[in-house]
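Asks: Fold the following.
(2 chains)
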Amino acid sequence: MKHVLGIVVSLGVLVALDIVLPRLLNPYLFQVLVLCGINVILAVSLNLVNGFTGQFSIGHAGFMAIGAYGSAMFSLEIGQRWVTTLGALGVPPVIAQGAALLVALLAGGALAAVAGYLVGLPSLRLRGDYLAIVTLGFGEIIRVVILNVDAIGAARGLPGIPGWVNFFWVGFWVLIVIVVSRRLAASTHGRALFAIRDDEVAAEALGVDTTSYKVLAFVMGAFFAGVAGGLFAHYLSYLNPNSFTFLKSIEVIAMVVLGGMGSISGAVMAAVLLTLAPELLRPVKDYRMVIYSLMLIVLMITRPGGLMGSREIGWPRFLRRAKAEHA
Amino acid sequence: MNPDVLLELDHVTMQFGGLKAVADLSLEIGRGELVGLIGPNGAGKTTVFNLVTGVYTPTVGRVLLEGRAIQGLRPHAIARRGITRTFQNIRLFASRTCRDNVRIAAHQHSGASLADALLRTARFERDERDMRAKADELLAVLGLTEWADTPASDLPYGQQRRLEIARALAGRPLLLLLDEPAAGLNPQESEQLMHLIEQIRRQFQVTILLIEHDMRVVMGICRRIAVLDYGVKIAEGTPDQIRTDPKVIEAYLGEDVHASPEAAS
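Replies: Numbering: from 1, shown residues only, chains lettered A, B, ... in the order given. As a prediction, the model looks like this:
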């Protein structure tokens, strides 16, 4: 009952914002907002792998690319026809497009999750720097493959993807990835991931199946990265392999590290900050990236554990008390 | 198969390149026993632990738990069958609280799936409540209640050793392997630890195999002691037999122990 109420309220708020925000914000600000959301999903999902489990992956852009191209191809080949059919049956376009988008995102996410599984396998044998190199290689392979497959546009890019993404869907997935992360962290499964990060040998000796959990972290992280890619594709309506270079992976890692390894709220804050910073710095033109980098350096020197360290922002105290009384 | 034998090492050899860390070792540990494993540094004691817990697979020989071969199984599978351990060089989950350290080891007994956790089902809530209660119970037994919410890395050294034991017990082991639990403790702390180990054995009905250099601890609580030297078992017997065994004195204990067992500590 409590669950249902929470879900209804959250969805209601999202719908309201979805109606209000595009009218309040100019298209530029709205786009920045959507990109913030997509980056939050990327950062929080990478945090599952790098932050929770301590497996250093620098191939996140690769999973994002798989989700982006996978979901885009799904919509182009199948989803659009569904929307036409549903429209002919009298279903309102928002609903039909939303449904088609949801399926496309799930398909893109699932495809990325399969890739996450395949990349997770070497992580069973490799640690630290070596794993990082493998994931880096994976990310590049994905990009180069896309660059050479003509059916998905190759170097020309993939145009004409239906622009079905609105604020509702971005907000929806941001909420999902945060709730999933938080619930995972508060469960025995999350504690198993933290145990692997802190001491893999001890975790294994105490009955944690480290193999399965490392793969699980990769699969979950990749799934949400794929969804983020799908949102990206259906927002911009155009994909180019150059959006998924290894620099994109590094950008997401910077968000996780800056936020504080393992902190969900930290990853959210850092993702928003690092998406806004380059935009806010536009007036200084040539010095933009210099200041951006300096900002990162200063932040890491002054807060070496990241913005949040390993802490979380919880419910404010009065809300927590209300919750406790309710339960 | 003798049902009273919990763990059996059957002619186990562990070879690293040209080095035999453990050579043709046979050892039986009975249910409910508290057995000491001693020997000079580098004798292969910790290697024996690593063989029993699946970190290494023996080059030759078998490791049997309740008559079933467990060599070659992954460490987590062996932990699930009932063998947990502590580490000589403390390996706590440093960033986690004491309670979480213990709960992580209880993970293997949790029935709630990932879906349960994500959907917050009743089963998940019940499981988490149980695990928390059991963890707090174990922390209380080990005298760590006041540290329950403290990150393991912030614990004083002696408490870290205790937390390792609490954590190993959370897996509800049949056999508990303690790797130098008294290392780095002062005499009073070792003394307390001795009583604690004896209490744990009785309260949790767990069989214990103990590696220890503190002879007062070993001689004080173990009914039976095995001595390793260069990977070979050179003696096995009661503390009195070990104390007077000329081979053990030569290899490990030294002459003066004969007169006073305290001196070796």
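
Asks: and the stretch 51-200 of chain A, which residues reach chain B?
Replies: A:180, A:183-184, A:186-192, A:194-195, A:197-199 (CB under 8 Å from any CB of the partner chain). Heads up, the C-betas are built off the backbone N, CA and C, glycines and all.

Asks: Narrow those residues to those that are buried.
Replies: A:180, A:183-184, A:187-192, A:194-195, A:197-199 (16 or more other CB atoms under 10 Å in any protein chain shown).

Asks: Output those residues in CSV, with pLDDT and distance to B:Cys98 appended to each entry.
Replies: Formatted as CSV, these follow (pLDDT from 0 to 100; distance: CB to CB, whole Å):
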residue, pLDDT, distance to B:Cys98
A:Val180, 96, 27
A:Arg183, 94, 23
A:Leu184, 95, 21
A:Ser187, 94, 19
A:Thr188, 94, 16
A:His189, 95, 20
A:Gly190, 95, 17
A:Arg191, 95, 13
A:Ala192, 96, 17
A:Phe194, 95, 14
A:Ala195, 96, 14
A:Arg197, 94, 17
A:Asp198, 94, 13
A:Asp199, 94, 15
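
Asks: which intervals of chain A have sub-threshold pLDDT?
Replies: In the predicted model, chain A carries pLDDT under 70 at residues A:1-2, A:314-327.

Asks: Domain map for chain B?
Replies: Per automatic domain parsing, the domain ranges recorded for chain B read B:5-87+B:173-264, B:93-154.

Asks: closest to A:Asn39 out of those?
Replies: With CB to CB, the closest approach to A:Asn39 among these belongs to domain B:93-154: 23.0 Å.

Asks: circling back to that earlier point, which members of the residues of the stretch 51-200 of chain A next to chain B are positioned in helices?
Replies: Among these, the members found in helices (DSSP state H) are A:180, A:183-184, A:188-192, A:194-195, A:197-198.

Asks: Pick the one among these closest to B:Ile197.
Replies: Once CB to CB is applied, the member of those that ends up nearest B:Ile197 is A:Ala195, at 24.7 Å.

Asks: ok, so what distance separates the nearest residue to the closest one once chain neighbours are set aside from B:Gly171?
Replies: Nearest residue to A:Ala195, sequence neighbours excluded (CB to CB, 6 or more residues apart in numbering or on different chains): A:Ala203, at 3.9 Å. Using CB to CB, to the nearest Å, A:Ala203 is found at 12 Å from B:Gly171.

Asks: So between the two, which is more surrounded?
Replies: Between A:Ala203 and B:Gly171, counted using other CB atoms under 10 Å in any protein chain shown, the more crowded position is A:Ala203 (28 against 24).

Asks: Next up, the contacts around residue 112.
Replies: Using chain A. A:63-64, A:66-67, A:70, A:222-223, A:225-227, A:229 (CB atoms under 8 Å, 6 or more residues apart in numbering or on different chains).

Asks: other chain: chain B
Replies: Counting by CB under 8 Å, 6+ apart, B:Ala112 has contacts A:187-188, B:121, B:123-124, B:127-128.

Asks: Same check on A:Ile291?
Replies: A:Ile291 touches A:281, A:284, counting by CB under 8 Å, 6+ apart.

Asks: which SS class is B:Leu178?
Replies: Here B:Leu178 is recorded as strand under DSSP: H, G, I helix; E, B strand; the rest coil.

Asks: Please name the nearest non-neighbouring residue to it.
Replies: B:Leu210 (4.7 Å).

Asks: re earlier: A:Leu136: which of the domains of chain B is closest?
Replies: domain B:93-154 (26.2 Å).

Asks: what secondary structure does whatever residue of the stretch 201-327 of chain A ends up closest to chain B sit in?
Replies: Of all residues in the stretch 201-327 of chain A, the one sitting closest to chain B is A:Gly207 (3.5 Å; CB to the nearest CB). Secondary structure, three-state DSSP: A:Gly207 is coil.

Asks: Phi and psi next, for it.
Replies: Main-chain torsions, A:Gly207, degrees, to the nearest 10: phi 100, psi 10.

Asks: now A:Val290
Replies: phi -60, psi -50.

Asks: What's the local residue count around it?
Replies: 11.

Asks: And the contacts of stretch A:240-248?
Replies: So stretch A:240-248 is contacted by A:58, A:60-62, A:64-65, A:68, A:136, A:139-140, A:142-143, A:146-147, A:154-155, A:157-158, A:229, A:232 (CB under 8 Å, 6+ apart).

Asks: Return the set of buried residues in that stretch.
Replies: A:241, A:243-244, A:246, A:248.

Asks: From those residues, which land in helices?
Replies: A:246, A:248.

Asks: Of the buried residues of stretch A:240-248, which is the nearest to B:Thr86?
Replies: Scanning the buried residues of stretch A:240-248 for proximity to B:Thr86, where the rule is CB to CB, the winner is A:Phe246, at 42.2 Å.

Asks: Out of the domains of chain B, which is closest to A:Ile301?
Replies: Of all the domains of chain B, domain B:93-154 sits nearest to A:Ile301, with 21.7 Å by CB to CB.
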